[in-house]
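Student: give me a 3D structure for the following:
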Amino acid sequence: MNVDELYKFWSEDPYFDEETREELLAIREDKKEIDERFFRDLEFGTAGLRGILGAGTNRMNVYVVAKASAGLGKYIVSEGEEAMKRGVVVSYDSRHFSTEFAEVTARTLTSLGIRVYLSDELRPVPMLSYAVRYFKAFAGVMITASHNPSKYNGYKVYGEDGGQVPPEAASKILSFIEGIEDIRTVKPDSLEDAKAKGLLTYWGEAVDEAYTDMLDTLVIDRQAIINQKDMSIVYTPLHGSGNKPVRRILKKIGLQNVHVVPEQELPDGAFPTVEVPNPENPAALTMAIDLAKKVDADLVIGTDPDSDRIGIAVRTVKDGQETYMPFSGNQVGLMLLDYVLDSKKSAGTLPEGSFAVTTIVSSKLAGAICNYYGVELQEVLTGFKFIGERIKLDDEFGNKHFQFGFEESYGYLAGLDVRDKDAVVAAMLIAGMYAQSRERGQSLLDRLNSIYERFGYGFEESVSVTLEGKEGIEKIGGAMVSLREDLTNCKNKAEAQALLGGAPVEAVRDYQASKRYVFTDDGRKEEEIKLPKSNVLLYELGGDKGLDWACARPSGTEPKLKIYFGIYGNTEEVSRERLDETKKKVTSSVEAKL
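Tutor: Numbers count the residues shown, from 1 in each chain. Predicted structure coming up:
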């Protein structure tokens, strides 16, 4: 059906509820809005769905969720009776309609004879990942749009290892979804029927306790925490699902002075106290910082709605004034990496064959830290599913030992029992690192500066260009095509210098073509990239340490074109100057393609 036919079908067919009809009839004169809602099916990517709430095929609603769940269910049925018996774990966060979407997911799966474990209240991404492994389930579904604005929700699918479903399985699920030609054939059970069949089970407190006990085994330098148990910490869940699990683990490890921002404590899908519930944005921590001033806290911690990302700010003095400085995702990742490896090395608990994992757009200083401790660093594509995949291959089924993983977008992981970024374990590790620093008479800023002094100065930033809707999607795709055309026409090093407004391009990695192009004065040579294909262009820019880089890629979770930069050197001043210069040149060149 075309757009007009789909609009008519959704507006008139009795399969759809009265609320949906009323919403669509209210826009009957708005052709652009109708086109936006029906020009495509909401894209099912490598991990699932994410979109704006509302009626239509290109929106998040119970019908789109039911159809996706039916496709997932048909895939599970195709995998056999054992997969159906092992079933699916479902959880959800605090967003609008998350409870309804979780229930329709469960009811659709039970209608196909599949066992479902449904969380009895909102719980975060890391607990969903843990629960998949806890129940030995075949798959998992998390209802969340992570840190997106309140008008969004999403649907993330997990595999039996607790990691986001891999591309091959995602492709099969998508084919089953696309095979549903008539949405009216999707007929979810009622909750009563699902329970009567014995296929629907609620989960809760037992998993909470097991998860918290598991986290407690990952504590590093427990004595420092005991000695600093009275240190003052402020935490905000930003109206999300981190409130209970974060407070549980901080209490269990013995911290007695944790203050929660009362206005942001309870779940609220409107996120009324912040513009965007994203701890990457320093403004999201404003209320927590205000509380920190009142309770004399040096450390502020915030988690996003599904509690997979975490941001921090620390008290410091700048220009004679007390202030709270936010740390970047890379800075926290480097500090935690050094904290984990240093503490284990000192305690004699860092085994041979240890490895850490980060992404191609995260800080290159991670390599220097790992080299210092004799630990292998693996780089993977952007997306925590690839970090989870390395844990599975090299630790669970290999002979290596995973220590820590992080990505620049405020995601961190330790341990083997969760396979997605985990802001709960990160909160515990950050608190422990803070305690250890206090034991040593340091601030966390002192700790960061120590890393720079030992391994060199590194500064990373990113710029996101948001372009929503059909036109935005087309512009972002067109920009990447144009950048690749420029690369194709580039024949030597002199021409490479012009790719990004005069930035010193020495090589380019095109992950979609699986090629690395190295430029010389006389031409260029090609090398194979042995990572999965991805719509990413990474430009190697040389620099003082040969590590400078810039990158362009469409976001996998938001309507954004993301541009990254990393500059490394021996002095802070020179490195920051080069970062500013590179940022201007690269951003201008990429935005010109939009």
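Student: three-state assignment of residue 323?
Tutor: Following DSSP: H, G, I helix; E, B strand; the rest coil, we place residue 323 in the strand state.
Student: do residue 241 as well
Tutor: Residue 241 - assigned by three-state DSSP - is coil.
Student: what bridges to residue 538?
Tutor: Using DSSP bridges, the bridge partners assigned to residue 538 are residue 509, residue 551.
Student: who touches it in this structure?
Tutor: Residues in contact with residue 538, defined by CB atoms under 8 Å, 6 or more residues apart in numbering, are 360, 361, 508, 509, 511, 549, 550, 551. Every residue, glycine included, has its C-beta placed from N, CA and C.
Student: out of those, flag the one nearest to residue 328.
Tutor: Nearest to residue 328 among the contacts of residue 538: residue 361, at 12.6 Å, using CB to CB.
Student: from residue 552, how far off is the closest one?
Tutor: 10 Å (CB to CB, to the nearest Å).
Student: quick check: neighbours shared by these two?
Tutor: residue 564.
Student: which SS state does residue 405 fall under?
Tutor: strand.
Student: who touches it in this structure?
Tutor: Contacts of residue 405 (CB under 8 Å, 6+ apart): 356, 357, 358, 384, 387, 390, 391, 412, 413, 414.
Student: quick one: least confident of those?
Tutor: Among these, residue 384 carries the weakest pLDDT, at 93.
Student: so what's that one up against?
Tutor: By CB under 8 Å, 6+ apart, the neighbours of residue 384 are 163, 164, 308, 405, 407, 411, 413, 420, 421.
Student: now it, nearest residue through space, not along the chain?
Tutor: With sequence-adjacent residues excluded and distances taken as CB to CB, 6 or more residues apart in numbering, residue 384 is closest to residue 421, at 4.7 Å.
Student: how many neighbouring residues does that neighbour have?
Tutor: 27 (other CB atoms under 10 Å).
Student: and what of residue 146?
Tutor: Neighbours of residue 146 using other CB under 10 Å come to 26.
Student: tell me the SS of the residue nearest to residue 384?
Tutor: Under three-state DSSP, residue 421 comes out as coil.
Student: again, but for residue 337
Tutor: Residue 337 - assigned by three-state DSSP - is helix.
Student: mind putting the contacts of residue 538 in CSV, neighbour count included?
Tutor: Below are these laid out as CSV (neighbours: other CB atoms under 10 Å):
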residue, neighbour count
360, 23
361, 24
508, 24
509, 21
511, 21
549, 24
550, 27
551, 21
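Student: mind putting those in JSON lines, pLDDT and distance to residue 453 included?
Tutor: JSON lines is the format used below for the contacts of residue 538 (pLDDT from 0 to 100; distance: CB to CB, whole Å):
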{"residue": "360", "pLDDT": "96", "distance to residue 453": "26"}
{"residue": "361", "pLDDT": "95", "distance to residue 453": "25"}
{"residue": "508", "pLDDT": "97", "distance to residue 453": "32"}
{"residue": "509", "pLDDT": "97", "distance to residue 453": "30"}
{"residue": "511", "pLDDT": "96", "distance to residue 453": "34"}
{"residue": "549", "pLDDT": "96", "distance to residue 453": "22"}
{"residue": "550", "pLDDT": "96", "distance to residue 453": "26"}
{"residue": "551", "pLDDT": "96", "distance to residue 453": "27"}
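Student: nearest to residue 114 among those?
Tutor: Nearest to residue 114 among the contacts of residue 538, with distances taken as CB to CB, is residue 511, at 35.3 Å.
Student: residue 533 versus the closest one, what's the distance?
Tutor: Counting by CB to CB, the gap from residue 511 to residue 533 is 6 Å.
Student: what of residue 418?
Tutor: 27 Å.
Student: the more surrounded of these two?
Tutor: The neighbour comparison of residue 418 against residue 533 (other CB under 10 Å) goes to residue 418, with 28 against 13.
Student: now residue 17: how far from residue 99?
Tutor: For residue 17, the distance to residue 99 - CB to CB - is 17 Å.
Student: kindly report the same for residue 508.
Tutor: Counting by CB to CB, the gap from residue 508 to residue 99 is 46 Å.
Student: repeat for residue 30
Tutor: In terms of CB to CB, residue 30 sits 30 Å off from residue 99.
Student: cool, and residue 78?
Tutor: Taking CB to CB, one finds residue 78 at 29 Å from residue 99.
Student: who's more crowded, these two?
Tutor: residue 99 (17 against 10).
Student: give the contact list for that one.
Tutor: Here residue 99 is in contact with 92, 122 (criterion: CB under 8 Å, 6+ apart).
Student: one more time with 10 Å
Tutor: Counting by CB atoms under 10 Å, 6 or more residues apart in numbering, residue 99 makes contact with 92, 93, 119, 121, 122, 143, 269.
Student: does it sit in a helix, a strand or a coil?
Tutor: helix.
Student: any idea how far residue 306 is from it?
Tutor: 14 Å.
Student: coming back round to it: now the contacts of residue 99: which count as buried?
Tutor: Buried by 16 or more other CB atoms under 10 Å: 92, 93, 119, 122, 143, 269, out of the contacts of residue 99.
Student: can you show me the helices along the stretch 51-200 of the chain?
Tutor: Taking DSSP state H, counting those that start in this stretch as the criterion, the stretch 51-200 of the chain carries its helices at 62-78, 81-86, 98-111, 125-134, 167-178, 191-196.
Student: mind splitting the chain into its structural domains?
Tutor: Taking automatic domain parsing as the reference, the chain has its domains at 40-203, 211-325, 330-455, 458-591.
Student: want to throw those domains into JSON lines with distance to residue 10?
Tutor: Formatted as JSON lines, those follow (distance: least, CB to CB, whole Å):
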{"stretch": "domain 40-203", "distance to residue 10": "6"}
{"stretch": "domain 211-325", "distance to residue 10": "24"}
{"stretch": "domain 330-455", "distance to residue 10": "32"}
{"stretch": "domain 458-591", "distance to residue 10": "18"}
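Student: ok, which of these comes nearest residue 24?
Tutor: domain 40-203 (5.2 Å).
Student: average model confidence for the closest one?
Tutor: Averaging pLDDT residue by residue across domain 40-203 gives 96.
Student: pull up the distance across that domain, start to finish.
Tutor: 36 Å (CA to CA, to the nearest Å).
Student: what's near enough to touch residue 355?
Tutor: Residue 355 touches 370, 375-378, 390-391, 394-395, 398, 400-405, counting by CB under 10 Å, 6+ apart.
Student: return the subset of those residues lying in helices.
Tutor: Among the contacts of residue 355, DSSP state H puts 370, 390, 391 in helices.
Student: tell me what residue 313 is bridged to.
Tutor: In beta-bridge terms (that is, DSSP bridges), residue 313 pairs with residue 300, residue 326.
Student: picking up where we left off before, can you put the contacts of residue 405 in CSV and add distance to residue 204 and secondary structure?
Tutor: Shown next, in CSV, are the contacts of residue 405 (distance: CB to CB, whole Å; DSSP: H, G, I helix; E, B strand; the rest coil):
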residue, distance to residue 204, secondary structure
356, 33, strand
357, 31, strand
358, 34, strand
384, 25, helix
387, 28, helix
390, 31, helix
391, 26, helix
412, 26, strand
413, 23, strand
414, 24, coil
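Student: just those residues now: which is nearest residue 320?
Tutor: residue 412 (33.4 Å).
Student: measure the closest one to residue 234 for me?
Tutor: On the measure of CB to CB, residue 412 and residue 234 end up 19 Å apart.
Student: again with residue 224
Tutor: For residue 224, the distance to residue 234 - CB to CB - is 20 Å.
Student: the more surrounded of these two?
Tutor: Shown here are residue 224 and residue 234; by other CB under 10 Å, residue 234 has more neighbours (27 against 20).
Student: just after the strand or helix carrying that one, pick out the following helix or strand.
Tutor: Assessed by DSSP states H and E, residue 234 sits inside strand 233-236. Heading C-terminal from strand 233-236, the first helix or strand you meet, by DSSP H and E, is helix 243-252.
Student: quick revisit: tabulate the contacts of residue 405 (TSV), appending distance to residue 329.
Tutor: Below are the contacts of residue 405 laid out as TSV (distance: CB to CB, whole Å):
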residue	distance to residue 329
356	15
357	15
358	11
384	12
387	14
390	19
391	20
412	9
413	13
414	16
